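S.K.: Sharing a model prediction with you, sequence too.
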Amino acid sequence: MADQQSNRDDASKAWSGRFSEPVSALVMRYTASVFFDQRMAAQDIRGSLAHAKMLARQGIIGTDDLADIERGLGQIRDEIERGEFAWSLQDEDVHLNIEKRLTALIGDAGKRLHTGRSRNDQVATDIRLWLRDAIDQILALLTDYQRALLDLAETHAATPLPGFTHLQVAQPVTFGHHLMAYYEMSRRDAERFADCRKRVNRLPLGAAALAGTSFPIDREFVARELEFDGVCENSLDAVSDRDFAIEFCADAALLMIHLSRFSEELILWMSPRVGFIDLADRFCTGSSIMPQKKNPDVPELVRGKTGRVNGSLISLLTLMKGQPLAYNKDNQEDKEPLFDTADTLIDTLRIYADMITGIRVKADAMRDALSQGFATATDLADYLVKKGLPFRDAHEVVARAVRSAEERGCDLPDLPLPDLRNFSELIDEDIYQVLTVEGALDSRNHIGGTAPAQVRAAIARARAALG
Ligand code: ARG
């Protein structure tokens, strides 16, 4: 009812001058964005203050107007922060809500604020300011996550764990080395966000509706005021493209996919069938019917939320595809996926850093698993190669040794020397050193290898890079 009432009050719509009938309540709700874009109020006010300051410097508005605008916007900021601002659907979006309140507070100066500007360049500026803040927050949280990873990796730089291929025991690695794989992924993620920030951090304001403005504006000044690295150099592009938001969502999707892979491992490792780790109780929940259960809900939800982040990326790609130059209202749909993506990332990273510090490693279970899959078979082959046997022949020798151990139900180092020598005369007593897990680990001693010394060196390099 309230909507229909205000419907008839069409004189208060900022653009209603050329219209002969008001929009219906449904159309008003359908076209409004205020219920989600009010999240950008602080950015909108910051952008308006910079714009007004520039207008006054250029003599486009008076200094008295500027003073009124600064006072009015300051009051509006307080009202919003205190939760006292009356957001109205009637006024469509965050921009018109604030402008209308400003005019109510200070009169004509409020109406002059929009000189040389359009909501098209205004909204593009607001989103970029908002996203820049979100990226900075994400980068800081990524660092926390990385530090947690490095701490755990350092503790377990020499803890043996079966390395898997095809989810079958392949070769021994250290748990620290395994964790450092996720560190590497996170490092590329951080690089991508930092790189994306460069393209986000350009000022659209001054593009006005699409073609620029006839007022003598100073875009460089506004860019400096708002700490942008420069201006968007084509007005049509400035108001219309959202590639920077798409890029952010693509980077977000990759980060979530990395965390989803990690989560999948945590879930697997925590399964009583595997039992490599235990997660702190605060990241798990129980079952309402099965008293014995402790479910890894948090990693499962991280894996699940990857779906919505991927979905947002597809939403924005689809939103952009097929839009002719310049601004189209389609672009109003960019915000919810973007906000949701940033929110999901921020919460996920916050939880993840804490969750890693709460991992209890069951080193004995990891070592037991290593004795079951002939994890040092490659080491036996390499040993034979070092004694002069061609690798393919060595592979064949080891395959026969593995088959024999399998038949006897033991691991390779359990085979007595005479039996091993049946497979190759090249095998001597020194083979037992090679077939131990520690021997296998220590021998992979080059950059990128799993030798504990290399893992410690990788951690040291990572710490130096993080500062
Ligand atoms: N709420 C709009 C958006 O989010 C602001 C720009 C509106 N511009 C326009 N010409 N209708 O994109």
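M.R.: Yep, it's here.
S.K.: Leaving out sequence neighbours, find the closest residue to the residue most central in space within the chain.
M.R.: The centroid of the chain falls nearest to residue 252 when counting by CA atoms, centre = their mean (3.6 Å). Excluding its sequence neighbours, the residue lying closest to residue 252 (CB to CB, 6 or more residues apart in numbering) is residue 341, at 4.9 Å. Quick note: C-beta positions are derived from backbone N, CA and C, even for glycine.
S.K.: how deep is the one you found tucked in, by neighbour count?
M.R.: Neighbour count of residue 341, defined by other CB atoms under 10 Å: 27.
S.K.: What of residue 420?
M.R.: Neighbour tally, residue 420, other CB under 10 Å: 23.
S.K.: Now do the same contact list for it.
M.R.: By CB atoms under 8 Å, 6 or more residues apart in numbering, the contact set of residue 420 is 401, 427, 431.
S.K.: The stretch 201-350 of the chain: helices as residue ranges?
M.R.: Along the stretch 201-350 of the chain, counting by DSSP state H, counting those that start in this stretch, helices occupy 219-225, 235-240, 243-270, 297-320, 335-357.
S.K.: Switch those over to a markdown table; also include mean pLDDT.
M.R.: As requested, the helices of the stretch 201-350 of the chain are exported to a markdown table (pLDDT from 0 to 100):
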| stretch | mean pLDDT |
| --- | --- |
| helix 219-225 | 98 |
| helix 235-240 | 98 |
| helix 243-270 | 98 |
| helix 297-320 | 98 |
| helix 335-357 | 97 |
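S.K.: can I get those helices in TSV with distance to the ligand?
M.R.: Compiled in TSV, these are given as follows (distance: least, CB to the nearest ligand atom, whole Å):
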stretch	distance to the ligand
helix 219-225	18
helix 235-240	9
helix 243-270	12
helix 297-320	11
helix 335-357	6
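S.K.: Could you dump those into JSON lines and include distance to residue 149?
M.R.: Below are the helices of the stretch 201-350 of the chain laid out as JSON lines (distance: least, CB to CB, whole Å):
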{"stretch": "helix 219-225", "distance to residue 149": "37"}
{"stretch": "helix 235-240", "distance to residue 149": "39"}
{"stretch": "helix 243-270", "distance to residue 149": "9"}
{"stretch": "helix 297-320", "distance to residue 149": "15"}
{"stretch": "helix 335-357", "distance to residue 149": "6"}
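S.K.: any weak-confidence spans in this protein?
M.R.: Along the chain, segments meeting pLDDT under 70 span 1-12.
S.K.: And whichever residue of the stretch 251-400 of the chain sits closest to the ligand, how far from residue 191?
M.R.: Nearest to the ligand in the stretch 251-400 of the chain, going by CB to the nearest ligand atom, is residue 332, at a distance of 3.6 Å. Here the distance between residue 332 and residue 191 works out to 31 Å (CB to CB, to the nearest Å).
S.K.: more crowded one of those two?
M.R.: Taking other CB under 10 Å, residue 332 and residue 191 do not tie; residue 332 has more neighbours (18 against 11).
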